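S.K.: Here is my input; please provide its structure:
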Amino acid sequence: MKRNCLRGVIVCLFFSLALSACSVGGASLSFSSEPSSSYFGALSSEWEFSSSFVENSSVQAVRPSANSAHNGASSKPASIQQKTLKGVVTGLTDKVVTVTDSDGRVYLFARDDSLVDQAGGPMKMDCAITVTYCGGLVISEALQTVHVLGFYLEKPQDAEQAQSDSAQTLLSKMTLQEKVGQMFLVRCPQKDAASIASKYQFGGYVLFGRDFKDYTKAQVVSNIQSYQTASKIPMLIAVDEEGGTVNRISAYPQFRAVPFWSSQDLYKEGGWPLIRSDTTEKCNLLSSLGINLNLAPVCDISTNASDYIYARSFGKNAAETAEYVKTVVSTMRANNMGCALKHFPGYGNNADTHTGIARDERSIEQFWQNDFLPFQSGIEAGAPIVLVSHNIVVAIDGERPASLSPAVHTLLREELNFSGLIMTDDLSMDAIRQYTDGEQAAVQAVLAGNDLLCCTDYETQYPAVLNAVQSGKISESRINESVLRILRYKIEAGII
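M.R.: Model prediction:
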């Protein structure tokens with residue numbers, strides 16, 4: 001992942017005797033020579049904090065100087081070399097990352113998830129980390145600035161192999177019925193949801209407004225726990241909490257005083273810092289309820305207020321939408337919340353597929369130059385799931401909805417290099433009902449390459465897939481391929 005050198009500006013406080021120094025045009029880094037007893041305090045230039053930011057310290061609020069680098073606008077001075085700090089994450093809050101190096105020195109960095117390379121997974125305690133920066137050392141107890149390139153998380157190869165081995169072991173103990181059940185992400189039934197989860201062993205439930213409207217927080221937590229208790233393999237518990245026009249939880253005051261704002265309103269009000277803090281708050285709320293997957297962010301590009309998808313989109317061009325997606329995905333991963341990029345290959349100005357079939361006549365060049373960019377950005381940021389729409393995209397497959405098209409899935413896998421979970425939009429939408437019946441939709445979705453089938457009519461679609469495997473229409477190896485991906489993700493995300 002490429003990064004500009006002056007991507008982040010960190011304001012630092014030095015607590016005790018520092019090593020030798022080298023000035024960097026007002027931007028510098030300080031650390032102590034006293035192992036285990038001294039600290040490197042860091043505040044992002046975009047934030048202000050009170051003296052309680054770091055316990056037992058005298059940190060003061062600081063504003064960035066007029067010539068500070070900001071939001072990647074600057075580049076590294078030619079005379080300054082990149083430097084690195086290697087250590088382990090020994091403290092993690094929503095504002096501070098604590099890193100301890102091999103000599104026991106402790107550094108406090110402002111948590112800026114836009115600077116995290118997610119190749120090693122989300123930032124978490126005890127993970128190995130490398131901090132890259134530009135700057136020298138200066139002997140001072142004053143607040144200073146240092147230009148940080150990024151935070152790089154290191155994921156040991158043996159950990160990946162262990163996850164793969166664990167997933168394979170789980171798979172080997174599952175019945176065919178249980179494996180097919182894992183591929184279904186079902187709209188949570190209104191009655192007997194726990195017993196239904198026990199019977200089918202679904203991969204997960206999707207919660208809607210009805211699952212929150214007349215319940216307290218404690219009741220929702222209890223309900224979700226009952227679903228998990230009924231499942232041999234812990235479930236994905238998903239929700240659409242996009243903000244703006246789609247809020248399943250915060251629409252109700254017992255969960256949040258006001259509903260979450262749309263991404264457009266957030267950006268207008270507070271730019272990227274507010275986007276990040278809002279995303280963090282969403283993650284915290286969902287996690288507190290037992291929800292582990294938010295079906296967001298919306299990656300569709302729309303700048304025309306008359307488009308169906310406009311109100312749910314970021315409302316800006318491809319490059320800005322790509323930056324938005326990267327910011328949200330990075331923040332969600334840092335908070336250990338699952339996310340899904342939607343609606344691939346990009347909604348454009350098409351009609352609402354909840355109510356009928358939509359055909360997209362645009363050229364493939366338009367998709368590569370625009371619509372694919374936010375998805376590529378999200379994939380590079382580590383998004384684990386891509387949700388595919390029901391639009392018929394003529395440039396890729398003029399016969400089938402994207403969710404049922406092998407060509408669309410091949411493009412996502414082979415040309416966008418996505419190795420995570422692919423899921424359908426709800427197979428009960430009218431766009432699918434008008435194309436084929438429920439039984440055929442589920443079978444075609446598996447044959448197309450989907451790992452997760454999002455559906456409401458599970459009583460029709462689950463047995464259709466099971467029968468197709470038993471009759472040989474779908475091979476069991478095809479089922480195993482998807483279930484392994486699902487199990488690996490659940491292990492990696494800490495759900496299992």
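
S.K.: Go through the helix ranked longest in the chain and flag the buried ones.
M.R.: Of all segments of type helix in the chain, defined using DSSP state H, the longest is helix 263-289. Within helix 263-289, the residues that count as buried by 16 or more other Cβ atoms under 10 Å are 263-264, 266-267, 272, 275-280, 282-283, 285-286, 289. Every residue, glycine included, has its C-beta placed from N, CA and C.

S.K.: can you dump the C-alpha coordinates of stretch 185-193 into PDB?
M.R.: What follows is stretch 185-193, C-alpha atoms only, in PDB (Å, rounded to 0.1, in the frame of the first residue of the first chain):
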ATOM      1  CA  LEU A 185     -27.500 -15.300   6.200                       C
ATOM      2  CA  VAL A 186     -31.200 -15.200   7.000                       C
ATOM      3  CA  ARG A 187     -33.600 -12.400   8.000                       C
ATOM      4  CA  CYS A 188     -34.100 -13.100  11.700                       C
ATOM      5  CA  PRO A 189     -37.500 -14.800  12.100                       C
ATOM      6  CA  GLN A 190     -40.100 -12.900  14.200                       C
ATOM      7  CA  LYS A 191     -40.900 -16.100  16.200                       C
ATOM      8  CA  ASP A 192     -38.900 -19.000  17.500                       C
ATOM      9  CA  ALA A 193     -35.600 -17.500  16.100                       C
END
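
S.K.: And it, what's buried?
M.R.: By neighbour count with 16+ other Cβ under 10 Å, stretch 185-193 contains the buried residues 185-189, 193.

S.K.: In a helix, residue 237, correct?
M.R.: No: secondary structure of residue 237 (DSSP: H, G, I helix; E, B strand; the rest coil): strand, not part of a helix.

S.K.: distance of the residue nearest to it when sequence neighbours are not counted from residue 196?
M.R.: Distances taken as Cβ to Cβ, 6 or more residues apart in numbering place residue 291 nearest to residue 237, at 4.9 Å, with adjacent residues excluded. Remark: distance between residue 291 and residue 196 (Cβ to Cβ, to the nearest Å) = 19 Å.

S.K.: Then residue 423?
M.R.: Distance from residue 423 to residue 196, by Cβ to Cβ: 20 Å.

S.K.: Also residue 281?
M.R.: 32 Å.

S.K.: ok, now residue 106?
M.R.: 50 Å.

S.K.: And residue 484, by the same measure?
M.R.: 25 Å.

S.K.: Could I get the contacting residues of residue 422?
M.R.: By Cβ atoms under 8 Å, 6 or more residues apart in numbering, the contact set of residue 422 is 385-386, 388, 409, 412-413, 449-452.

S.K.: Serialize those to CSV and add fields for distance to residue 321.
M.R.: Shown next, in CSV, are those (distance: Cβ to Cβ, whole Å):
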residue, distance to residue 321
385, 18
386, 15
388, 18
409, 23
412, 18
413, 23
449, 25
450, 24
451, 25
452, 24
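
S.K.: Compare the residues you listed and tell me which is most surrounded.
M.R.: Taking other Cβ atoms under 10 Å as the neighbour criterion, residue 388 ranks highest of these with 27 neighbours.

S.K.: In this structure that residue contacts residue 402, no?
M.R.: Yes: Residue 388 lies in contact with residue 402 (Cβ atoms under 8 Å); the separation is 5.2 Å.

S.K.: Straight-line length of stretch 224-242, end to end?
M.R.: Counting by Cα to Cα, to the nearest Å, you get 20 Å between the two ends of stretch 224-242.

S.K.: And it, what's buried?
M.R.: Under 16+ other Cβ under 10 Å, the buried positions of stretch 224-242 are 224, 227-228, 230-231, 233-242.

S.K.: which one among those residues gets closest to residue 297?
M.R.: residue 242 (7.3 Å; Cβ to Cβ).

S.K.: what are the phi and psi values for that closest one?
M.R.: phi -80, psi -30 (degrees, to the nearest 10).

S.K.: Residue 311 is in contact with that one, correct?
M.R.: No: applying Cβ under 8 Å, one finds residue 242 not in contact with residue 311, separated by 9.9 Å.

S.K.: Common neighbours of these two, please.
M.R.: residue 262.

S.K.: Which parts of the stretch 351-496 of the chain are helices?
M.R.: With DSSP state H, counting those that start in this stretch as the criterion, the stretch 351-496 of the chain has helices at 364-366, 372-380, 406-410, 430-433, 438-448, 458-471, 476-492.

S.K.: sorry, back to before: ok, residue 291 and residue 196, which is more surrounded?
M.R.: In this view residue 291 and residue 196 are compared by other Cβ under 10 Å, and residue 291 has more residues nearby, 25 against 18.

S.K.: Can you check the pLDDT for the more buried one?
M.R.: At residue 291, the model reports a pLDDT of 98.

S.K.: Show the residue spans covered by the strands in the stretch 201-350 of the chain.
M.R.: 204-207, 236-239, 241-243, 246-247, 293-294, 338-344 (DSSP state E, counting those that start in this stretch).

S.K.: ok, the fourth one: who's next to it in the sheet?
M.R.: In other words, strand 246-247. strand 241-243 (antiparallel) (DSSP bridges).

S.K.: now swap in the fifth one and tell me
M.R.: Applying DSSP bridges, strand 293-294 is found paired with strand 236-239 (parallel), strand 338-344 (parallel).

S.K.: if we can go back for a sec, who touches both of residue 388 and residue 402?
M.R.: Counting by Cβ under 8 Å, 6+ apart, the residues touching both residue 388 and residue 402 are 344-345, 408.

S.K.: among those, who's most crowded?
M.R.: Most surrounded of the shared contacts of residue 388 and residue 402: other Cβ under 10 Å gives residue 344, at 31 neighbours.

S.K.: Quick check, that one in contact with residue 385.
M.R.: No: here residue 344 lies out of contact with residue 385, judged by Cβ under 8 Å, at a distance of 10.4 Å.

S.K.: Could I get the strands paired with strand 293-294 in JSON lines, plus columns for distance to residue 214?
M.R.: As requested, the strands paired with strand 293-294 are arranged in JSON lines below (distance: least, Cβ to Cβ, whole Å):
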{"stretch": "strand 236-239", "distance to residue 214": "16"}
{"stretch": "strand 338-344", "distance to residue 214": "26"}
